[in-house]
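J.: Predicted model and sequence follow; I will ask about them next.
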Amino acid sequence: MPRPSASIEDRLAVGLSERFDPVALENGSRVGVIGGGPAGSFFSLFLLKMAETIGLDVDIDIYEPRHFVHKGPAGCNHCGGIVSEFLVQLLAAEGFRLPPEVVQRGIDSYMLHMDVGTVRIDTPLQEKRIAAVYRGNGPRDAGPAPTHVVGFDRHLQDLAVSRGAKIRRQLVNQVSWEEDRPHVQCSTGPSEVYDLVAVAAGINSNVLQPIEGLEFGYRIPEAARTFICEFHLGEATIREHLGTSMHLFLLDIPHLECAAIIPKGDFVTLCLLGDKIDDSLVTTFLDAPEVRACFPKAMVPRTVCHCFPRINVKAAVRPFTDRIVLIGDSGVARLYKDGIGSAYRTAKAAARTAVFHGISDEAFAKHYWPTCRQIDVDNSIGRFMFTVSHVIQKTRPTRRALFRMTATEQTRTGNRRHMSSVLWDLFTGSAPYREILLRTFRPAFVARLGWNLVAGNVAPGSLASANGQPTNGDANGH
Amino acid sequence: MGIRSLGKRYRSGESIVCQGAAGNCMYVIQEGQAEVYREENGREIRMAVLKEGDFFGEMSIFDREVRAATVKALGDVRVLTIDKKTFMRRIQKDPSLAFDIVRTMSQRIRQLNCDLAEMRARETEK
């Protein structure tokens, strides 16, 4: 029996759309989601949640062959696994709590390691508001998986299923048109026609090529190679050597943009991001004394799992058309930061468009693309900021100034933590790059940086402070 | 309640927010329970017990008034803070972010209406 539609009038009556698109979801519409990582699960969750608010009944199939319960690459989505401070707060406000089975470690601070010293940057409220999570079910050689561990992707997928989404354990290998509707084909099982297809397959998936081939103007995002690996240290050793801090490195290594060590349960994850990550760069990084100092007896243990996944570094061109929208890494992502946060933002914008504005090319251009465009424009500013970061990485006097300014600020209370807040937001992805850049133009920031540039280099021994640990060489003025 | 938890830990009986204090954040309980008290005429009246996933302090996000009640940890509790600035700035771009909070506030008003009606009924009977 056909189900009654939530009419355009119903939607207008609740004041949610000024002019509704003729190509729209109706009661009984079928939505296919390709990819069951964060973008696909967030999209499904928000679509179902928003549809419910206006009495719209849609069916969602999530195509995801992985269960995210296997250890190692087979059950993993190859990512550092950090849920940013900003996103943790938004998810909490949305009613999505991250339980202890999902959080492998609550992070309350950052340790910034440079050749001139190490400085700790605490969260403004000294509270654990950053979540270190597994994307799969832990590293490959991790032994039997503890029963209390649930991967972040699996957790979101379970939430989507609890809301009514259905999981199809199939690998999609083709998307084509059948009349005016997208047609999803898998290597096994029957093919299906949908009213709307959301592509959340990441950037490492083969399904993006056939979508590019549909000739609606979509171009696959530009990608860069990264390196991610896991070390087994054990809970006690991690507590002693790494604590509840994420460890970041500002080292003068060519082509290295970001480097982080993230403690999680019995393991630590190392992430290297840059424009040319290869074996030689990884070796150079692991040989750096600042890196070795983070490990017991200054010895880097053998890796138990590693991969060289690609990340989105330049937005896709036109990630939408009638009845198809690409979200998460398949569309636009923040540069080097907060990939899960980008998945959340793009997935929610796409779901909101589909429910309240329509599923036509015009609706996505008007209501979905601005979110993508905003991220893309902000990435341009981010690129500039990483160029400045390169200058700091390469110039010892600026490293001393940055270290001195941050270490001094961390001994103070109150809001006068100019450099700390800039570094915090830059590393955590808690604020747009534009906002961070504007903060560096404030006269107080410039004046303090200027003062520290002088003070930190005229008398480098003065670097010592309650919160910063200068290296011996620098304390001696070498 | 250890390394795998988010938020800040409060010991049993410790105050998380105090009635009359200024507030610029709201809270979501991650683990454990908290109890809500209101001081009236020098007496502490227990208003509610909050559990995992419940939030409190949201009124200070939307108005500029001081905290309306005191919230204390009932046993050890872990609580996540949501900054007013973060939340309000995001809500300008994504109003649906407030949906769950508005729904919970609506349920609380509904409950208060029931409680008020019951009290009036009891007074009338007297």
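T.: Sure thing, it's come through. Numbering: from 1, shown residues only, chains lettered A, B, ... in the order given.

J.: CA atoms for contacts and neighbours, from now on please.
T.: Noted.

J.: do stretch A:53-65 and chain B meet at all?
T.: No: judged by Cα under 8 Å from any Cα of the partner chain, stretch A:53-65 and chain B are separated, with a smallest distance of 9.6 Å.

J.: what distance separates that stretch from the centre of its chain?
T.: When distances are taken as Cα atoms, centre = their mean, to the nearest Å, stretch A:53-65 is centred 24 Å away from the chain's centroid.

J.: Now do the end-to-end distance for stretch A:351-368.
T.: 9 Å (Cα to Cα, to the nearest Å).

J.: measure the residue nearest to the spatial centre of chain B to chain A for me?
T.: By Cα atoms, centre = their mean, chain B has its centre lying nearest to residue B:56, at 2.0 Å. Separation of residue B:56 from chain A (Cα to the nearest Cα, to the nearest Å) stands at 11 Å.

J.: can you tell me the helix or strand for the nearest residue to that residue once chain neighbours are set aside?
T.: Take residue B:56 and drop its neighbours on the chain: the residue closest to it by Cα to Cα, 6 or more residues apart in numbering or on different chains is residue B:27, 5.4 Å away. Using DSSP states H and E, the element containing residue B:27 is strand B:25-40.

J.: so after the helix or strand bottoming out on mean pLDDT in chain B, what's the next helix or strand?
T.: Within chain B, no helix or strand scores below helix B:59-62, which has a mean of 86 by mean pLDDT, DSSP states H and E. Remark: after helix B:59-62, the chain's next helix or strand is strand B:70-83, criterion DSSP H and E.

J.: So which bits of chain A are right by chain B?
T.: Taking Cα under 8 Å from any Cα as the contact definition, chain A meets chain B at A:86, A:89-90, A:92-95, A:97-107, A:126-131, A:244, A:265.

J.: are any of these buried, and which?
T.: With burial judged by 16 or more other Cα atoms under 10 Å in any protein chain shown, the buried subset of the residues of chain A next to chain B is A:86, A:89-90, A:92-93, A:95, A:97-107, A:127-131, A:244, A:265.

J.: hang on, the earlier thing: next step: the residues of chain A next to chain B restricted to strands.
T.: Mapping those onto strands (DSSP state E) picks out A:103-107, A:130-131.

J.: can you pull the buried residues of stretch A:339-351?
T.: Within stretch A:339-351, the residues that qualify as buried are A:339-351, counting by 16+ other Cα under 10 Å.

J.: and the nearest residue in space to residue B:35 that is not next to it in sequence, helix, strand or coil?
T.: The shortest distance from residue B:35 to any non-neighbouring residue, by Cα to Cα, 6+ apart, is to residue B:49 (4.4 Å). Three-state assignment for residue B:49 (DSSP: H, G, I helix; E, B strand; the rest coil): strand.

J.: show me where pLDDT drops low in chain A?
T.: In the predicted model, chain A carries pLDDT under 70 at residues A:1-21, A:68-78, A:124, A:137-147, A:413-415, A:459-478.

J.: Could you report the distance from the most centrally placed residue in it to residue A:428?
T.: Among the residues of chain A, the one closest to the centroid is residue A:339, at 2.0 Å (Cα atoms, centre = their mean). Distance check for residue A:339 against residue A:428: by Cα to Cα, it reads 11 Å.

J.: Perfect, I'm done here.
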